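Student: Here is my input; please provide its structure:
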Amino acid sequence: MTPFVLSVSLMSSSLLLSALAVASPRTQETVSQKPLTQQPQPEKLSPRTVNWFIQQLSSADANDQIDAAVQLGSMGPYAQAAVRPLTELLNASRPALQYECLVALGRIGPMAYDSSDAVAAFLSSSSIELQSAAMESLRQIGTASPQAELQIQQLAQSENVSVATTALRCLVMLSGPDNDIVRGAVPRLVGALADLQPDVRNEAAMTLVDIGPDIVPEVSVAFASPTPLVRLKACEIMAAIGPAAKSAVPALVDRLQDENELVIRAAARALGRITAQPDIVLPAVQSLLKHPAVSVRITALRAIGEYGTDAVVAVPSALSFLTDQSPVLRASAAEALGRIGDSRSEVIIALVNALADQSAAVTMNAANALSQLGAPAVPSLLPLLADADYRQLAVEMLGEMGVAAESAVPALLELLTKLEDTDEELRREVFIALGSIGPRAAVATPEMMSLLDNPEAGDARAGAAYVLARIGERRALPALKAILASSENEGLLRSAAWATVALEPGNKSNAALVMPYLLRASSSEMPLVRREVMTAFATLGPEASAALPVLLEHAAGDPDASVRAMSLNALTEIHAPAAQVIPIAIVALEDPDVTVRNAARYVLGRQGPAAMEAAARLRESVRRGDTFERILSAWALVHVDPSEQNREAAIPLMLTALRSAKPGIRAEIATTLGTIGKQSPDVRTALEAAQDDPNPMVKKAVGEALANLNGAR
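Tutor: Numbers count the residues shown, from 1 in each chain. As a prediction, this is how the structure comes out:
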């Protein structure tokens, strides 16, 4: 099976640190008090933790029981072992305990499917709180009996708007957005956006988003509401739907003139998420750059940046904000310039000057923008290599560019030869930059080979091993294996182990030699090192099965998104037990980082029917997110549950993926369509049109898919 390419676009932590280093002390203190980016780190869980709280469920103290239920619910799918005792406690006579058990079972999610009948019993409760908790729990579990669905349909028509809204959201999950009752209730949901209860307003908005793009015309009516909060909610709904809400663009443009500042900002954010009709949107959003409220101007700059190269007309305005009094406006301007991608010299010069800003946020965003501009920015960064205050930041920016920084290789090598022994951190960053350039840095091979073969080169040998592996220089293998056989330098051994796997990916016999060092390297403080180690585990496949505990830990709780994503992928490649992988993947579907969410979808799809409990969540994500997220969700869904309903929902999305720029995706989609598209004329037509794909791998996959379809006739 050809894996989907999990692209990672993240600023390295070292680049952030360098941005902080060139900021003023006052700014550093401000940033340290409120980090620019925060990734919550989940509590490290162990069976003992879960089991302890399970034991507490049997306590004679009702408060202990309630606390245990709350704690178990906070663990989500990891508390699967608690499903049975929590379900049994639903028979307790204490409503407070019953409520917390219902909530906990819902948070455990699809892994609590065995409790669905017991949960559904509360649909008949006289307590609205328990009734609503049961519906929300069933929505999160994603399954209910036909009788329970019938009850929920009845509750969806309740006169109590809170009950009805909760029931409708549950019904969308269980029966899909095309359910007649759901469709008929859309006007009522739109009306509920004006409800006096915040919970009802929020539930109505989320339900409308769950239903999907078809509600856009009906929600657009809310833009004319005399109530600012309703107009605000309508904007937020359009933002959540994203590009599929493009028909709402004219109405959103009108809201940019709203009398309420919050509505203006919400409309601008929505337009930035939809990114349609730039000829209409950009002039209107640009006009907001003169708004008296700083917060509106910030939102406008960010929305403009979302339009990428289409927003080049806004570059002069963005440049002017690089010298604004507000550091947040300056940072937003730098970010927008990076997203727009205008590489003209005046833009590059302005961004280089912004590196000296007193605000760390501005420095960081300017550095990130220059990295995004790529090759055209390299000549302006090279002089910074001679500046002691900026050279490390410059090196890291070049590393972020990857292959686009090819022309900087000679300058990086020259810098390497001038560094003192005390410049350990900068030397490391030079090696990382050369490695990120990859095969295009081949001119560095002689210097790297010389370092690798020199026992007196110290830690530089580890950096050379990394660069040579990234270049793909297989002539380094004898030296690497000699190091593994005789060196006592732990850092060098770890680097040599990783490089050996990277240069000989098909040689599984290396596993016994390299695994001890890779396992120790997995606890490195550097995200790059951890990510590369997870990549090595994935490359070794089942031979790296000893890494299972490490991979589970990093997939569930590594603070770096790219490490979480690669750990998920590696769990699939080492053939980790489904029972251990699926709960983590289900949790990862809600990760704030799109790369992790997509990795989770890929993992669940690879598990096939064993991940059936995730089908409801995947169906939901087919309707949400950007195009690639929806395509990947559709692909995973038909592998997990290839029902007729799921195939019908997935095929249109997957047909669009046959035009992906990535051959691996086109090949995998073709293979899947050959399996699920036997009754679809559109699939046959699309595959026949793809027979001339220029990529041999894709061409072969298309041929096999058509043969499969023809064999089904």
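
Student: and residue 143, what helix or strand is that in?
Tutor: Using DSSP states H and E, residue 143 sits in no helix or strand.

Student: distance of it from residue 620?
Tutor: Distance, residue 143 to residue 620, by CB to CB, to the nearest Å: 13 Å. Yep, even glycine has a C-beta here, placed from its N, CA and C like the rest.

Student: From the chain's centroid, how far away is the host helix or strand of residue 167?
Tutor: Assigned by DSSP H and E, residue 167 belongs to helix 161-175. From the chain centre to the centre of helix 161-175 is a distance of 27 Å (CA atoms, centre = their mean, to the nearest Å).

Student: who's in contact with that helix?
Tutor: 128, 131-132, 135-136, 138-139, 142-144, 149, 152-153, 155-158, 179, 181-182, 185, 188-189, 192, 195, 197, 199-200, 203-204, 206-207, 210-211, 616, 619-620 (CB atoms under 8 Å, 6 or more residues apart in numbering).

Student: Report the buried residues of the helix or strand following it.
Tutor: Going down the chain from helix 161-175, the next helix or strand is helix 180-184, by DSSP H and E. Within helix 180-184, the residues that qualify as buried are residue 182, counting by 16 or more other CB atoms under 10 Å.

Student: What of stretch 421-438?
Tutor: Across stretch 421-438, burial judged by 16+ other CB under 10 Å covers 423, 426-438.

Student: Residues in contact with that stretch: which ones?
Tutor: In contact with stretch 421-438 (CB under 8 Å, 6+ apart) are residues 14, 391-392, 395-396, 398-403, 405-406, 408-409, 412-413, 415-416, 419, 441, 444, 448, 458-460, 463-464, 466-467, 469-472, 528.

Student: now the end-to-end length of stretch 353-364.
Tutor: 12 Å (CA to CA, to the nearest Å).

Student: got it, and stretch 480-496?
Tutor: Stretch 480-496 has an end-to-end distance of 5 Å (criterion: CA to CA).

Student: got the buried residues for that stretch?
Tutor: By 16+ other CB under 10 Å, the buried positions in stretch 480-496 come out as 480-481, 483-484, 491-496.

Student: can you tell me the helix or strand for residue 395?
Tutor: helix 391-401.

Student: my bad, should have said residue 316
Tutor: Using DSSP H and E, residue 316 falls in helix 315-320.

Student: same deal with residue 661?
Tutor: Using DSSP H and E, no helix or strand contains residue 661.

Student: Give the full set of residues in contact with residue 92.
Tutor: By CB under 8 Å, 6+ apart, the neighbours of residue 92 are 98, 101.

Student: separation between the closest residue to residue 476 other than its chain neighbours and residue 489?
Tutor: Spatially, and ignoring its direct neighbours in sequence, residue 476 is nearest to residue 468 (4.2 Å; CB to CB, 6 or more residues apart in numbering). Distance of residue 468 to residue 489, given as CB to CB: 17 Å.

Student: Let's see the pLDDT reported for residue 176.
Tutor: Confidence at residue 176, expressed as pLDDT, is 87.

Student: and it, backbone torsions?
Tutor: Residue 176 adopts backbone torsions of phi 90, psi 160, taken as degrees, to the nearest 10.

Student: Test my guess that it contacts residue 648.
Tutor: No. Residue 176 lies out of contact with residue 648 (CB atoms under 8 Å); the separation is 10.6 Å.

Student: Looking at the two, which one has more neighbours?
Tutor: Neighbour tally, residue 176 and residue 648, criterion other CB atoms under 10 Å: the higher count belongs to residue 176, 16 against 12.

Student: what's in contact with the helix or strand harbouring residue 563?
Tutor: Per DSSP H and E, residue 563 falls inside helix 561-573. Here helix 561-573 makes contact (CB under 8 Å, 6+ apart) with 3, 6, 8, 10, 39, 527, 530-531, 534-535, 537-539, 541, 544, 547-548, 551-552, 554-558, 580-581, 584-585, 588, 591, 593, 595-596, 598-600, 602-603, 606-607.

Student: Now tell me what touches the very next helix or strand once past it from outside.
Tutor: Later in the chain than helix 561-573, the nearest helix or strand by DSSP H and E is helix 578-588. By CB under 8 Å, 6+ apart, the surrounding residues in contact with helix 578-588 are 76-78, 80, 109-111, 548, 552, 555-556, 564, 568, 571-572, 596-597, 599-600, 603-604, 607, 610-611, 613-614, 617.

Student: what's the spacing between helix 578-588 and its chain's center?
Tutor: With CA atoms, centre = their mean, you get 16 Å for helix 578-588.

Student: In contact with the residue most central in space within the chain, which residues?
Tutor: Nearest to the geometric centre of the chain sits residue 594, at 1.7 Å (CA atoms, centre = their mean). Shown in contact with residue 594 (CB under 8 Å, 6+ apart): 625-626, 629.

Student: Next one: it from residue 418, what distance?
Tutor: 40 Å.

Student: Only the buried members of the contacts of helix 561-573: can you turn that into a ChimeraX selection?
Tutor: The buried residues among those can be selected in ChimeraX (16+ other CB under 10 Å) with this line:
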select :6,8,10,527,530,531,534,535,537,538,539,541,544,547,548,551,552,554,555,556,557,558,581,584,585,588,591,593,595,596,598,599,600,602,603,606,607
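
Student: Next, the angle helix 578-588 makes with the helix holding residue 563.
Tutor: Calculated by axes from the mean of the first three to the mean of the last three CA atoms, to 10 degrees, helix 561-573 forms an angle of 150 degrees with helix 578-588.

Student: chain center to helix 561-573: distance?
Tutor: That offset, for helix 561-573, works out to 12 Å (CA atoms, centre = their mean).

Student: go on, stretch 76-88?
Tutor: In terms of CA atoms, centre = their mean, the centre of stretch 76-88 is set 27 Å apart from its chain centre.

Student: Report the residue spans of this protein with pLDDT below the cut-off.
Tutor: 1-48, 712-713 (pLDDT under 70).

Student: if you set the cut-off to 80 instead, what comes out?
Tutor: The chain contains residues with pLDDT under 80 at 1-48, 421, 623-626, 711-713.

Student: got the residue ranges for the strands in it?
Tutor: For the chain, no strands are identified by DSSP state E.

Student: who touches stretch 77-87?
Tutor: 45, 47, 50-51, 53-54, 57-58, 69, 72-73, 101, 104-105, 108-112, 114-115, 118-119, 556, 582-584, 586-587.

Student: Number of residues surrounding the residue lying closest to residue 370 once chain neighbours are set aside?
Tutor: In this structure, residue 370 finds its nearest non-sequential neighbour in residue 377, 4.7 Å apart by CB to CB, 6+ apart. A count of neighbours around residue 377, defined by other CB under 10 Å, yields 25.

Student: my guess is residue 228 meets residue 260, correct?
Tutor: Yes. Assessed by CB under 8 Å, residue 228 is found in contact with residue 260 at 4.1 Å.

Student: Could you find the closest non-adjacent residue to residue 415?
Tutor: Nearest to residue 415 is residue 385, by CB to CB, 6+ apart, at 5.3 Å.

Student: go on, residue 639?
Tutor: Closest to residue 639 by CB to CB, 6+ apart is residue 605, at 4.2 Å.

Student: who touches the one you found in this structure?
Tutor: 611, 632, 635-637, 639-640.

Student: any idea how far residue 72 is from residue 52?
Tutor: For residue 52, the distance to residue 72 equals 10 Å [CB to CB].

Student: swap in residue 50?
Tutor: 7 Å.

Student: cool, and residue 538?
Tutor: Relative to residue 72, and taking CB to CB, residue 538 is found at 32 Å.

Student: And for residue 335?
Tutor: Taken as CB to CB, the span from residue 335 to residue 72 is 41 Å.

Student: Neighbour count for the two, which is higher?
Tutor: It is residue 72, of residue 335 and residue 72, that has more neighbours when counted by other CB under 10 Å, with 29 against 22.
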